[in-house]
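>>> Attaching a predicted model along with its sequence, questions to come.
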Amino acid sequence: MTLYLGVMSGTSLDGLDIALIEQLDQPRLLATCYLPMPADLRQDLLSLCASGPDEIARAALAENRWAKLAAQGIQQLLKEQDLAPEAIRAIGSHGQTIRHEPTRGFTVQIGNPALLAELTNICVVGDFRRRDVAGGGQGAPLVPAFHEALFGHLGQRLAVLNVGGFSNLSLIAQNTPVRGFDCGPGNVLLDAWIERKRGEVFDADGAWAASGKVQSDLLTALLGDTFFADSGPKSTGREVFNLPWLDGHLARLPHYRDEDVQATLLELTARSIVNALVEAQPRTDALMVCGGGARNGALMQRLTALLNGTTVTSTQAQGIDPDWVEAMAFAWLAHCCLEGIPANRPSVTAARGLRVLGAIYPA
């Protein structure tokens, strides 16, 4: 069997992406399904990103709901494609990250893969990150090897940028091991600020940010975080970049209009990406963007302006919808696990060596 499903819900917590791929020489996207994250489940998952009472029980209940939601989407997609569960070799389930602290030796993704296997009657591969962390790595990002599999044949000095809640780069050049790292906040602060100030879950097309003015003193303070000075390998999450982090900076500076803060946060995302790219790979022929950030026109304009001489497009230019690249990646990672193919890259995560990633839950 060559059909796999990938299930991904990222730090933005907007919903579950489910991708059906055919894995031959290269992965090929066949079908997709998106399920919005129920508001109460989203809040429960967000609350688990920080310490609180009764965490073990709350996490167990939340991951059961997550697995049931994923199973619902999988069953819907299979029905639409007239496929039986037996047609799918495996589901690659990323789960939902609630903590990521590799410097302390752990990363936690919940999603109860055993329950997902039970509900779908399909083999599930999950828990991809912990094997890399056990091997001394960051456990993230895991997508550079997949980006190389998709785009390495193009023969250019490429960068593939995923902008979800956080942003990460994959650097692909011929005769060079793929490199990659987290750049910093992607949409996480933009989403949190607009939700606080306007009750909206995201800034559509970056329109609110575009209505404001970048505040240079605030931008300088934000870019002064030690994370940005580290050349990597590195990864990050809500443990570092969150509203209290932003509030701490705002408290030490003059009062700004809400839209100016949003404009500055968008510039933070753009500048942190470009600064990291220019330092790590000064000559880049093309930057291909995927994830929700590829739909943010204001962000894409800033990346284009800041990267003069580099072609900036979404992955759609190569025929791959930017919304589904990460879900495809975890379907591919399931394939690698079942075939015994190492899928981490020490040049990305700083692990002590190549590792086969994932834990298998048979149907």
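Cool, the structure landed.

>>> what bits of the stretch 1-150 of the chain have low per-residue confidence?
Applying pLDDT under 70 to the stretch 1-150 of the chain flags the ranges 1.

>>> Please, where are all the helices along it?
In the stretch 1-150 of the chain, the helices defined using DSSP state H, counting those that start in this stretch lie at 39-47, 55-80, 113-120, 129-134, 144-151.

>>> ditto for the stretch 201-350 of the chain
207-210, 216-223, 226-229, 243-250, 258-280, 297-306, 325-339, 346-349.

>>> May I see the buried residues of the longest one?
Residues of helix 258-280 classed as buried by neighbour count (16 or more other Cβ atoms under 10 Å): 259-274, 276-277, 280. Bear in mind the C-beta positions are built from the backbone N, C-alpha and C, glycine included.

>>> Alpha carbons only: can I get it in PDB?
This file holds the C-alpha atoms of helix 258-280, laid out as PDB (Å, rounded to 0.1, in the frame of the first residue of the first chain):
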ATOM      1  CA  ASP A 258      -3.200  48.900  19.100                       C
ATOM      2  CA  GLU A 259      -2.700  48.700  15.300                       C
ATOM      3  CA  ASP A 260       0.800  50.000  15.600                       C
ATOM      4  CA  VAL A 261       1.600  47.100  17.900                       C
ATOM      5  CA  GLN A 262       0.200  44.700  15.400                       C
ATOM      6  CA  ALA A 263       2.200  46.300  12.600                       C
ATOM      7  CA  THR A 264       5.400  46.000  14.700                       C
ATOM      8  CA  LEU A 265       4.600  42.300  15.500                       C
ATOM      9  CA  LEU A 266       4.200  41.600  11.700                       C
ATOM     10  CA  GLU A 267       7.600  43.300  11.200                       C
ATOM     11  CA  LEU A 268       9.100  41.200  13.900                       C
ATOM     12  CA  THR A 269       8.000  38.100  12.100                       C
ATOM     13  CA  ALA A 270       9.300  39.300   8.800                       C
ATOM     14  CA  ARG A 271      12.600  40.600  10.200                       C
ATOM     15  CA  SER A 272      13.400  37.600  12.300                       C
ATOM     16  CA  ILE A 273      12.900  35.400   9.300                       C
ATOM     17  CA  VAL A 274      15.000  37.500   6.900                       C
ATOM     18  CA  ASN A 275      17.800  38.100   9.400                       C
ATOM     19  CA  ALA A 276      18.100  34.400  10.100                       C
ATOM     20  CA  LEU A 277      18.000  33.500   6.400                       C
ATOM     21  CA  VAL A 278      20.600  36.100   5.400                       C
ATOM     22  CA  GLU A 279      23.000  35.000   8.100                       C
ATOM     23  CA  ALA A 280      22.600  31.200   7.400                       C
END
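
>>> mind starting the numbering at 9 from now?
That works, and once the first residue is 9, the last one we named lands at helix 266-288.

>>> How many residues are close by Gly361?
10 (other Cβ atoms under 10 Å).

>>> close enough to count as contact, it and Gly143?
Yes. Taking Cβ atoms under 8 Å as the definition, Gly361 is a contact partner of Gly143 at 6.5 Å.

>>> closest to Trp216 out of the helices of the stretch 9-158 of the chain?
With Cβ to Cβ as the measure, helix 47-55 is the member of the helices of the stretch 9-158 of the chain nearest Trp216 (20.7 Å).

>>> in stretch 354-371, what counts as buried?
354-359, 363, 365-366, 369.

>>> For those, give me CSV that also has pLDDT.
Below are the buried residues of stretch 354-371 laid out as CSV (pLDDT from 0 to 100):
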residue, pLDDT
Pro354, 94
Ser355, 92
Val356, 93
Thr357, 94
Ala358, 94
Ala359, 96
Arg363, 98
Leu365, 98
Gly366, 98
Tyr369, 98
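
>>> So of the residues you listed, which two are at opposite extremes in space?
Checking those with Cβ to Cβ, the most distant pair is Ser355 and Tyr369, at 29.7 Å.

>>> Just give me the neighbour total for Leu314.
Around Leu314 there are 17 residues (other Cβ under 10 Å).

>>> Oops, could you answer that again for Asp52 instead?
Neighbours of Asp52 (other Cβ under 10 Å): 17.

>>> show me what contacts it?
66, 69-70, 73 (Cβ atoms under 8 Å, 6 or more residues apart in numbering).

>>> Nearest to Glu30 among those residues?
For the contacts of Asp52, the nearest to Glu30 is Arg73 (30.2 Å; Cβ to Cβ).

>>> ok, the closest one - contacts?
Contacts of Arg73 (Cβ under 8 Å, 6+ apart): 46, 49, 52.

>>> Please report the distance of it from Ala65.
Noted for Arg73: a distance of 13 Å to Ala65, by Cβ to Cβ, to the nearest Å.

>>> same check, this time on Met16
25 Å.

>>> Which of those two has more residues huddled nearby?
Met16 (24 against 9).

>>> I'd say that one and Gly103 touch.
No. Between Met16 and Gly103 there is no contact under Cβ under 8 Å: 9.1 Å.

>>> which residues do these two both contact?
Both Met16 and Gly103 lack any common contact, where contact means Cβ under 8 Å, 6+ apart.
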